[in-house]
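1. Coordinates for the following, if possible.
(chains A, B, C and D)
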Amino acid sequence: MLIPVMLGVTFLVFFIISLTPGDAATIILGNGATEESIKELREEMGFNDPLIVQYGNYMKDLLTGNMGTSYSTGKLVSGEIGQRFPNTFKLTFSAIFIAILISIPIGVISATKQYSIFDNTGMIFALVGISMPSFWTGIMLIIAFSLKLGWFPSSGMDGLQSLILPAFTLAIASTASITRTTRSSMLEVVRQDYINTAKAKGVSKKNVIRKHALRNALIPAITVIGLEFGILLGGAVLTETVFSWPGIGRLMVESIQRKDTPMVLGCVIVFAVAFSVVNLIVDILYAYIDPRIKANYN
Amino acid sequence: MILNNSILNVEDLVIRYVTEDGIVEAVNGVNIKIEKGKTLGLVGETGAGKTTTALSILKLIPDPPGEVVKGNITLSDIDIMKADENKMEEIRGEVVSMIFQDPMTALNPVITVGDQISEAIYIHQNVSKKEATEKAKEMLEMVGIPGNRLGEYPHQFSGGMKQRVVIAIALSCSPKLLIADEPTTALDVTIQAQVLELMRELKKKFQMSMLMITHDLGVVVEVCDDVAIMYAGRIIEQGTLEDIFRSTKHPYTEGLFNSIPSIDDRKAKLKPIRGLMSDPYDLPKGCAFCDRCDYQMEICKTMKPEKVHFSDTHFVECHLYNKNKDFKLNNGGK
Amino acid sequence: MSETILEVRNLKKYFDTPKGKLHAVDDINFSIEEGKTLGLVGESGCGKSTTGRVILRLLNATDGEIIYKGRDIRTLSKNEMRELRKEIQIIFQDPFSSLDPRMTVSEIIEEPIKLNKLIVDKEKRFERVIELMDLVGLSRRLINTYPHELDGGRRQRIGIARALALNTKFIVCDEPVSALDVSIQAQILNLLNELQEKLKLTYIFITHDLSVVNHFSDDIAVMYLGKLVEKASSESLFNNPIHPYTQALLSAIPRASLDNKVEKIILKGEITSPINPKDNCRFADRCNYATDICREKEPELEEVAPGHFVACHHFKG
Amino acid sequence: MSQKHENENIKDIMDIKKRSQWADIWHHFKKNKAAIVGMILIALFVCLALFAPLIGDYQDDALKMNIRERLQAPNADHWFGTDEFGRDIFIRIVYGTRISLFVGIISVSIALSIGGFLGSIAGYYGGKIDNAIMRVLDVILAIPAILLAITIVAALGASIMNLMIAIGIANIPGFARVVRASILSVKDQEYIEAARAIGAKDHTIILKHVLPNSMAPIIVFSTLKVATAIMATASLSFIGLGVQPPTPEWGSMLSGGRAYIRDYMYIVLYPGLAIVLSVLSLNLIGDGLRDALDPKLK
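-> Modelled structure (predicted):
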């Protein structure tokens, strides 16, 4: 399943990027270049070939790990992305980790104490959380924690200290939305008959939640975690820009501004692959938690 | 009254649900007594309050919206009303356990049936996990499922098998009282016959008492010793099988009998009870059955009927017998 | 005197499933006389509801003929079929999902009249709706309520009124009372009985509950895993059930009576699903009398007494 | 059946008022205080957008630079202060409302019409058509929505028009899925079979039965998606890929004000609050609608 989707994704992205107005050869050589040399470069780079041929060539190169060279720096795209990828990985995974760590317990407690003060406050925060744009939250956190209090650096990547603000910024929206899902699926699950069966055989309240309800409630929560990861990757573009974090997101924005097509293409493809891999992991997790799905695989 | 011979004694139980649309008096002064080793059938239609009564014995009424207003429940000499949550956890599964209506949803889909059975054993009996699993295997075999299916998940079992697993869970700690809430309603007839057979067998083997909730008077004949007919939150007639089937007293009970298509007498005409059950948000001042009753009198509209006893075992709540205990219904009993 | 109104010949309906071909209805034959009731009985998954839907062409049959008043329903064009739908109707099992929750009682009952342009004048159509509501015993003041505000019994009456709104002659009743409480169930059964007499209707009565059909049907056909295993007049079937499955089914019904106790026949195992079935007796796995021949050869439906058909290698009356 | 014939005149019965379902929904909706707050806030935003010219002139107050008045803290003349070019922040936010709401609604309309069309075809006809449509949409879904929007704008160039197209396209798969799921859940109901049994034609069934009954989740989803579209508009503008300065837009105002946050935080505070409030209101309304439209709760 992964391979046809990836083929589709690369083609789609390749096609969209090819719509970029302006001539690539002119961008590479600059405005001062002669008509002659531009024509020559065009021929050399294959810009005159039909789109599908260009795509074929790109894919052939991609399989060998070659994503082309940057128009603006002349460096290998794969090299640049390889260098930046760990940073984005660090940021997004810290964020999803924070989000899961906070949201699941809050969601569960909220559901078990429905309409309590804890639940009501939690849900208000969650609602506000999904309504705040990450770039604005980031700026606000910078104002509070680095400019006023001076606890964390406002930009750059320099040890754990510098990771905290961007990771939290990125985590807020996901935390909020996973909390909401966990709560509502938990509320759904505790109404099921099998929860009554568990109670009727004397399982303690704590264990009814932990052993019987949670695993079932996690099934929808995991779907949302997978989807949230996609949103996190998108959010990384903004968060990295706000915090000058040297990741792929920022690289992509800079490349767009420089009209560095191969670099933009490379970035989007890497994002899409990362998202697809996460979705694959989610599917495997599903099967692990839900025996009904496992049965379908066998 | 010999108290120590009864396993369950419910007195004057009142339970209501407080919802946005108003208050529903789900259980309205119910008295139930079950003696050791006996099976009481609690019969009634949807909304009569049967399940609510049963859940209150386990103290599992969802609160909110449910609320036990008053009443006493004594289960095997334990005062349920005074028992705290810890005490209740000890009681559930050990002294009393419950089988729910729909076997499709009564089992946790993500836990193996073995673990679901052994869990109760591990909680209540002083055994190791391994011993509990061993015992679970025995239980599974006892309900007619090969022991090697212990590690399978509920979705791998058919409906009837699932209900067997549910029974195995309920009986795993040999409870003194088993509450079965419509245990065969969701099953096909031939499967129902299998499960009822199994329940009869196990009841004898475990020497336990049972509260059988059902809407089917046919099922009652097969497993029960005594019958309580419930309507709009009250028990309106109670007696032994003989009492209820041979000398039916309450017009509602009579109506129930007349509504059942008989398999042995094709010519018998169905005489349904007319109308619908009263709005539970707004029960009438007098007898709740009054609007649907063919024997309706003036007094029925304004006054709740008192209990009239015919014998130690048989009573009815109906104004028809206030003056004349020998009053005969048109078509009493079968 | 009475003529055959519907005849089903070699009817088959297969479904494609990931596990293979599901033989939901597998080569069944029966016929119904005008004004009579045929009870189609079986447990869940035996193909009885599928049969009903195939007859109405809500599902397309895989093979076979469905002859209604001399014409094969399967060969009718879309327009001819629409014309025929004015005569043949269905009442569904679930009074909750069979009514559009966004329509009022009158809109639901009115819809067939309006769609088929039976009565164009609005006021006359309205009078017809009232007439139908009276006919099925629905209080007139409920005319503009929504189904979700009503109980199961009343909702089922709406479904019946809708089925009667056209020039209905023939109704497939698909478990019309199984979702209802006993007292309401009896009300609806009596209503259906009265309507049959009054309007000279023909019914196929699909149910899992033998006691209900006994009360109702002239003839009964028992289905098991897509096959007819026994077919007879009600009287003959109840007095003298021959097929082991029919016997077990009859004995398994809990009787609400202290007299006439019946020895229970307990079957082994449970109903499976007829996916890629082998050419054997489909009941063989659960049958207490099964022998080698049952596991090798499929029994034919044979007439063992006048009008009494059984498909069994061993029991032939 | 004993039948009580009420002696009601046919005419009288015809007069029995049919309670509209909208009245029912409104009855449930208005019990939800949070949703009503959201509704009032959105109405306020809409009023601001409609009557912006009454508050200040677009050219003179929202665009024209006025260096003498730059970077003023909030005061009586400038409620939210002035920005780095001396423009009144309040008036710019008011005009920004127009863009946010416009882009939000138009992009959702694009996604709803295309996604809805694809989803309903896939859902109603099923089989191979369904499979083909859903596989293609899977490809689009493999790219996180905001990244897809960024890529499209990067290729097409930054403008309001392209922004709407990009956000619209990125949301197509989501709408297709919701519409499809909703239609599938209705399609198998017995009342659809009942309609067929009384001789209703395909288009009657779709228009009279399927669509009205599958609207609820689609309405809720659309409301929530207008909120995310507003957020996306601001996000893209923030990284320079949406609305271009000097046009007043909340995201680009934030981006412009970033350099001044150390001393003039109100420059970024108010545009951000505008985003949060509008998105929050729509989320509140969406939640309220979800509860009010759910027939299970009735």
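2. residues in contact with residue 272?
-> You didn't pick a chain, so chain A it is. Neighbour list for A:Ala272: A:6, A:9-10, A:13, D:142-144, D:147 [criterion: C-beta atoms under 8 Å, 6 or more residues apart in numbering or on different chains]. (Each C-beta comes from the backbone N, C-alpha and C, glycine too.)
3. other chain: chain D
-> D:Gly272 is in contact with A:133, A:136, A:139-140, D:250, D:254, counting by C-beta under 8 Å, 6+ apart.
4. most centrally placed residue in chain C?
-> C:Ile206 (2.4 Å; C-alpha atoms, centre = their mean).
5. Just among the contacts of A:Ala272, which is most surrounded?
-> D:Ile143 (28 neighbours; other C-beta atoms under 10 Å in any protein chain shown).
6. Do you know the pLDDT at the residue in the stretch 101-250 of chain D that chain B sits nearest to?
-> Taking C-beta to the nearest C-beta, chain B has its nearest neighbour within the stretch 101-250 of chain D at D:Asp188, 18.3 Å off. Looking at D:Asp188, its pLDDT reads 84.
7. and it, how far is that from chain C?
-> From D:Asp188 across to chain C, the span is 9 Å (C-beta to the nearest C-beta, to the nearest Å).
8. Could you do D:Ala176 as well?
-> From D:Ala176 to chain C the distance is 24 Å (C-beta to the nearest C-beta).
9. repeat for A:Val13
-> A:Val13 sits 34 Å away from chain C, going by C-beta to the nearest C-beta.
10. same question, A:Gly150
-> On the measure of C-beta to the nearest C-beta, A:Gly150 and chain C end up 60 Å apart.
11. Could you report the neighbour count for that residue?
-> Count around A:Gly150 with other C-beta under 10 Å applied: 9.
12. Now it, what are its backbone angles?
-> phi 70, psi 20 (degrees, to the nearest 10).
13. Quick check, pLDDT for it.
-> For A:Gly150, pLDDT reads 85.
14. which residues of the stretch 1-150 of chain B score low on pLDDT?
-> Segments of the stretch 1-150 of chain B classed as low confidence (criterion: pLDDT under 70) are B:1-4.
15. mind listing the strands in the stretch 151-300 of chain B by residue range?
-> B:177-181, B:209-214, B:226-231, B:234-240 (DSSP state E, counting those that start in this stretch).
16. Pipe those into a markdown table and attach distance to chain C and mean pLDDT per row.
-> Below are the strands of the stretch 151-300 of chain B laid out as a markdown table (distance: least, C-beta to the nearest C-beta, whole Å; pLDDT from 0 to 100):
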| stretch | distance to chain C | mean pLDDT |
| --- | --- | --- |
| strand B:177-181 | 14 | 95 |
| strand B:209-214 | 9 | 94 |
| strand B:226-231 | 10 | 95 |
| strand B:234-240 | 11 | 94 |
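17. now those strands in a markdown table, with mean neighbour count?
-> A markdown table is the format used below for these (neighbours: other C-beta atoms under 10 Å in any protein chain shown):
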| stretch | mean neighbour count |
| --- | --- |
| strand B:177-181 | 24 |
| strand B:209-214 | 26 |
| strand B:226-231 | 26 |
| strand B:234-240 | 24 |
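18. of all the ones you listed, which lies closest to B:Lys82?
-> Nearest to B:Lys82, of all these, is strand B:177-181, at 18.2 Å by C-beta to C-beta.
19. What helix or strand is C:Lys21 located in?
-> Per DSSP states H and E, C:Lys21 falls inside strand C:20-33.
20. Also D:Val186?
-> Per DSSP H and E: helix D:160-187 holds D:Val186.
21. Good, wrapping up.
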